[in-house]
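J.: Here is my input; please provide its structure:
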Amino acid sequence: LDPHLVVPPPPPAVGKHVRGPPVPGLRLLLLRQHLRGALRAARPVPGRAAAPPRPRAGNGGAAGTLCPGAAAAAAQAGQGGDGPHVLQALRERGCRSEEDFGAVLREIEAEVNRRKELIQQSVKRKAVISKCYKRKHPEVYTLQDSFLAPDFLEIVRYCTSPDARLHGLLRYLESFSDKRIYRLPVFTEEFCQAFVDELENFEQSDMPKGRPNTMNNYGVLLNELGMDETFITPLREKYLRPITALLYPDLGGACLDSHKAFVVKYSLHEDLDLSSHYDNAEVTLNVSLGKNFTEGNLYFGDFSQDPTPVPKYIEIEHVGAQGLLHRGGQIHGALPIASGERWNLIVWMRSSAIRNQLCPMCNKKPELVEAEGFGDGFTETLKDDVPGTVNLCALW
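T.: Next up is the predicted model:
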C-alpha cells in the first residue's frame, strides 16, 4: 500500500511513513467493505453473461499486478461511493479479473491486521530491549552539550537571544534554492562514531527489531532503543525548536511538541536507495552519521501541497555530522549508494497545533484513536483543558 516510485527523476507520490493505528483505519475498513460488495456484484449471475470491462488508455497490465496507487485511490472512491465506483477505480489502475480484485482485498486485510498489531509489537520489543540488551556505549543515550558541534551551539545561542531574526539566522546556515532546505552542523565527529558503533552493536545482537518505517527495511527505532526521553526529546525542545521557530513559523516551528526518531542504514546488500515520498512530519531533521560511502545523494522536488506541472529537483550531498532541515511535506528521496555504508538519523518533528486541524497524510480533519507514546503527533484536549494523550489519525 506504500507508493514506491522509481528514481531518478521521480514523480511526486505519497510515501506513507505512518505507524498504523491500533484499530483499523476508517479508509481501509470502508475500502474492504465496498470491495467485498463490488466482488459480489461482479460475479456473473447464472444465465446472464458478465459484461466485459471497457478498454481504457493506460489500463494494460498482467493479471495479479496492480499500480501502486490503486489501493489509496480505491479507498478514496470507497468513502462515498458504492461497489461500481470501487471497481471503476481499480480497473483504471490495472485490475482485470476477480483474482485481481481478490488480491487487493487480501492486501487491504493484511494491512488492517498489521496496523492493529503494530503498536503492541513495538511496546513488547521495547520492554525486551530494556531488560536484556547490553549497551556498548551507555553514555550516548543521554544528550550532552559535548556531543554537539560548537557551531551548532552558537546557532542555538543566537536563536534564543532577544534579537534573533530569520535574516540573522540565515547567516549561520547553508540554504538551498527557494525550497526552504537548510544545512547546519549538528554533532561532533567523535559522537557520530560512538553512536554508529552503538547502533551496529544493537544490530548484531539477538534483540527484536522493528522496521524504521514503511519504506526503509534496515535501521533502528530510537524509542525502542530507549533514547526518546533522554536524547531526542531534549534535542527537539532545547536545541532544535528555537531554530525551527524562525525557519518554519507557518508549520508550527515554535510548537513542535512530538516526534518520531529513527536511524536508517543503506548498503549494497541491503537498502540501496529510497523512493520519492514526503514525511509524516511538519519539519524533518536528517543528519549524516557516516560511515564511509560513495553516492547516495538526497534529492528534493516540490512541496507536496503546492506541486508544479514540471517539478524541479535539486540534489544535495551528505556531509558527515551535519544535518538538513526541511519541510516534512517536501517531496524527496535518496539516490542509490555505490559503495560502503551510510547511516542517517531522521527526526520527524510534529506540531499538534497544525495537524490537529488537518491530517497531513489524508488531508482531512483527523479522527483520533488513542496510542502509546507520541503516536502520530495529534492531541485531544480533555473537558477540563488538561492536555490529553497524543493520538493517531484513525483515517490512516
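
J.: Where is the longest strand in this protein?
T.: Longest strand of the chain, by residue count under DSSP state E: strand 337-350.

J.: where's that one relative to the chain centroid, distance-wise?
T.: Between the centre of strand 337-350 and the centre of its chain there are 13 Å (CA atoms, centre = their mean, to the nearest Å).

J.: Buried ones in it, by neighbour count?
T.: The neighbour-count check on strand 337-350 (16 or more other CB atoms under 10 Å) flags 337, 341-350 as buried. Bear in mind the C-beta positions are built from the backbone N, C-alpha and C, glycine included.

J.: Same list (these) but as TSV, adding pLDDT.
T.: As requested, those are exported to TSV (pLDDT from 0 to 100):
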residue	pLDDT
Ile337	95
Glu341	94
Arg342	95
Trp343	96
Asn344	97
Leu345	98
Ile346	98
Val347	98
Trp348	97
Met349	98
Arg350	97
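
J.: What are the buried residues along stretch 112-125?
T.: By neighbour count on 16+ other CB under 10 Å, the buried set for stretch 112-125 is 112, 115, 118-119, 122, 125.

J.: Please provide the alpha-carbon coordinates for that stretch, formatted as CSV.
T.: Provided in CSV are the C-alpha atoms of stretch 112-125 (Å, rounded to 0.1, in the frame of the first residue of the first chain):
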residue,chain,number,x,y,z
VAL,A,112,-5.6,-3.7,8.6
ASN,A,113,-4.1,-6.6,10.7
ARG,A,114,-0.6,-5.0,10.5
ARG,A,115,-1.8,-1.7,11.9
LYS,A,116,-3.8,-3.4,14.6
GLU,A,117,-0.7,-5.1,15.9
LEU,A,118,2.0,-2.5,15.2
ILE,A,119,1.9,-0.5,18.4
GLN,A,120,1.6,-3.6,20.7
GLN,A,121,4.5,-5.2,19.0
SER,A,122,6.7,-2.1,19.5
VAL,A,123,5.8,-1.9,23.2
LYS,A,124,6.8,-5.6,23.6
ARG,A,125,10.1,-5.1,21.7
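
J.: give me every residue that touches Leu251.
T.: Shown in contact with Leu251 (CB atoms under 8 Å, 6 or more residues apart in numbering): 244, 282-283, 327-328, 351, 354.

J.: so which helix or strand takes in Glu224?
T.: Per DSSP states H and E: Glu224 is located in helix 222-225.

J.: who's in contact with that helix?
T.: So helix 222-225 is in contact with 122, 125-126, 129, 133, 141, 202, 209-210, 228, 231-232, 260-263, 373, going by CB under 8 Å, 6+ apart.

J.: Thanks again, I'm all set now.
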